[in-house]
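J.: I'd like to go over a predicted model; first the sequence, then the structure.
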Amino acid sequence: MSDAYIALADGRVLEARARAPGWTRGELVFTTAYTGYEESLTDPSYAEQVLTFSYPLIGNYGVREERFESDSVQPRAAIARELTDDVAEWLESEGVPAIDHLDTREIVTTVREEGAMACGIAAGEDATPEDAVAEMEACTPMSDHTDIGAQVSVTEPTVHEGGDEATVAMLDCGAKGSIISSLTERGADVHVLPYDATPEDVAAVEPDVLFVSNGPGDPENFVAAHEVVDAFAGEVPMAGICLGQQVITSALGGSTEKMSFGHRGVNQPVKDLRTDRVVMTTQNHGYTVSDTGPLEVTQVNVNDDTVEGLDSDELDVITRQYHPEANPGPHDSLGFFDEVLALAESRQPVAAD
Ligand SMILES: NC(=O)CC[C@H](N)C(=O)O
């Protein structure tokens, strides 16, 4: 008899071991990252998802708060072949169900073949397969989470001081902490605004750059952020990461679509079309830009040719689909943040003598 079950939308029910008890459901996804479990488990972009680690041992260097990307665990549940006690205790204390001792290769190959899918988990002494199936059946598609921004955003504007190099207005659609610190470390003051900030709220900050953060769910559901981008297009330089790239592009007239199983890992190869240089990147997304509107493609994914970087000299826009802040991940693309600051500088009025 097992004390945990996961039910997949394709009808399969797998037995597992409960590591943190609870009943839950979400969109089943996997990451191939072999380090960075604290960063991934606190990344707000995983809200409403159940995160499977394909790497078989998760937790072998403990749990340290300094590596957290937000102040809570974000996925609805965690799955690995083997979770250490450190990670299991952390997840239990956060009330997030966790299971291990199952064949995670089966989950990964299923999601790769059939796409990200609904799943239900029942973990704990009284768990039954039927409970897991009932959870799975109650799971709603990601695009139905129309106000997912409210789950992950600040509710009040918050200022992170970095210096007078630039003033950044960041729409917090679920921002990772290290995106904010990558900007403050370079001397920018970052005004973090709620995901549903109005153009007036943004104007009040007098930003040199408007930055749209990463975030969970379907980018089309971030309606207020689309309105802000539309209001400032051509007036204020813009930058975005992941959901930020998707929102900026669709607000400017392009579009996005859902991928089959997405990109989640720390070794996604990206080629810069201007230099022919390939860098390794950290990624976590299930949607992609399908029509770039007025933006020019500067970078593509070497594996599947999807859009990784966009640019517009005319509109002063630069965006990335991957995560240049690299937490976890290779540091190859940290220079993106220097480009964001240069963009801000290009628009600042030259001081009179
Ligand atoms: N990391 C992110 O910002 C993810 C963006 C979006 N939710 C997606 O899955 O594509």
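T.: Looks like it came in fine.
J.: Skip the chain neighbours and tell me the closest residue to residue 188.
T.: residue 166 (4.3 Å; CB to CB, 6 or more residues apart in numbering). All C-beta atoms are positioned from the backbone trio N, CA, C, and that covers glycine.
J.: Counting neighbours, what do you get for that neighbour?
T.: Residue 166 has 24 neighbours, counted by other CB atoms under 10 Å.
J.: Distance of it relative to the ligand?
T.: Distance, residue 166 to the ligand, using CB to the nearest ligand atom, to the nearest Å: 22 Å.
J.: likewise residue 148?
T.: 8 Å.
J.: what about residue 94, how many neighbours?
T.: Residue 94: 14 neighbours (other CB under 10 Å).
J.: contacting residues around it?
T.: 72-73 (CB atoms under 8 Å, 6 or more residues apart in numbering).
J.: wouldn't the residue nearest to residue 188 be in contact with residue 191 here?
T.: No - judged on CB atoms under 8 Å, residue 166 makes no contact with residue 191 at a distance of 11.0 Å.
J.: shared neighbours, the two?
T.: In contact with both residue 166 and residue 191: no residue, using CB under 8 Å, 6+ apart.
J.: got the residues of the stretch 1-150 of the chain near the ligand?
T.: residue 45 (CB under 6 Å from any ligand atom).
J.: Residue 211 versus the residue of the stretch 1-150 of the chain found nearest the ligand, what's the distance?
T.: For the stretch 1-150 of the chain and the ligand, the shortest gap (CB to the nearest ligand atom) falls at residue 45, measuring 3.3 Å. Residue 45 is 15 Å from residue 211, where distance means CB to CB, to the nearest Å.
J.: Next, the spatially most central residue of the chain: phi, psi?
T.: The chain has residue 45 as the residue nearest its centroid, 3.2 Å off, counting by CA atoms, centre = their mean. Backbone geometry at residue 45, expressed as degrees, to the nearest 10, gives phi -70, psi -10.
J.: Mind pulling the model confidence for it?
T.: If you check residue 45, the pLDDT there is 98.
J.: Kindly report the same for residue 345.
T.: Confidence at residue 345, expressed as pLDDT, is 87.
J.: Can you classify residue 5 by secondary structure?
T.: The three-state label given to residue 5 by DSSP: H, G, I helix; E, B strand; the rest coil is strand.
J.: What about the closest residue to it other than its chain neighbours, how many residues nearby?
T.: Nearest non-adjacent residue to residue 5, counting by CB to CB, 6+ apart: residue 132, 3.9 Å away. Residue 132: 28 surrounding residues under other CB under 10 Å.
J.: need the contact list for residue 299.
T.: Here residue 299 is in contact with 270-273, 307-309, 320 (CB under 8 Å, 6+ apart).
J.: could you check the distance from it over to residue 313?
T.: Distance from residue 299 to residue 313, by CB to CB: 16 Å.
J.: Please enumerate the strands of the stretch 151-300 of the chain.
T.: 158-160, 166-172, 188-194, 209-212, 238-241, 255-272, 278-291, 296-301 (DSSP state E, counting those that start in this stretch).
J.: Which positions within the lowest-mean-pLDDT helix or strand in the chain qualify as buried?
T.: Within the chain, no helix or strand scores below helix 336-347, which has a mean of 92 by mean pLDDT, DSSP states H and E. For helix 336-347, the neighbour count (16 or more other CB atoms under 10 Å) marks 336-337, 340-341, 343-344 as buried.
J.: I'd like to know which of those is nearest to the ligand.
T.: Distances from the ligand to the buried residues of helix 336-347, taken by CB to the nearest ligand atom, are shortest for residue 336, at 14.4 Å.
J.: unless I'm mixing things up, residue 328 is touching residue 34, no?
T.: No - the pair residue 328 / residue 34 is not scored as a contact, 9.0 Å apart, by CB under 8 Å.
J.: Mutual contacts of the two, please.
T.: With contacts taken as CB under 8 Å, 6+ apart, residue 328 and residue 34 have residue 266 as neighbours in common.
J.: so who does residue 324 touch?
T.: Contacts of residue 324 (CB under 8 Å, 6+ apart): 182, 241, 281, 333-337.
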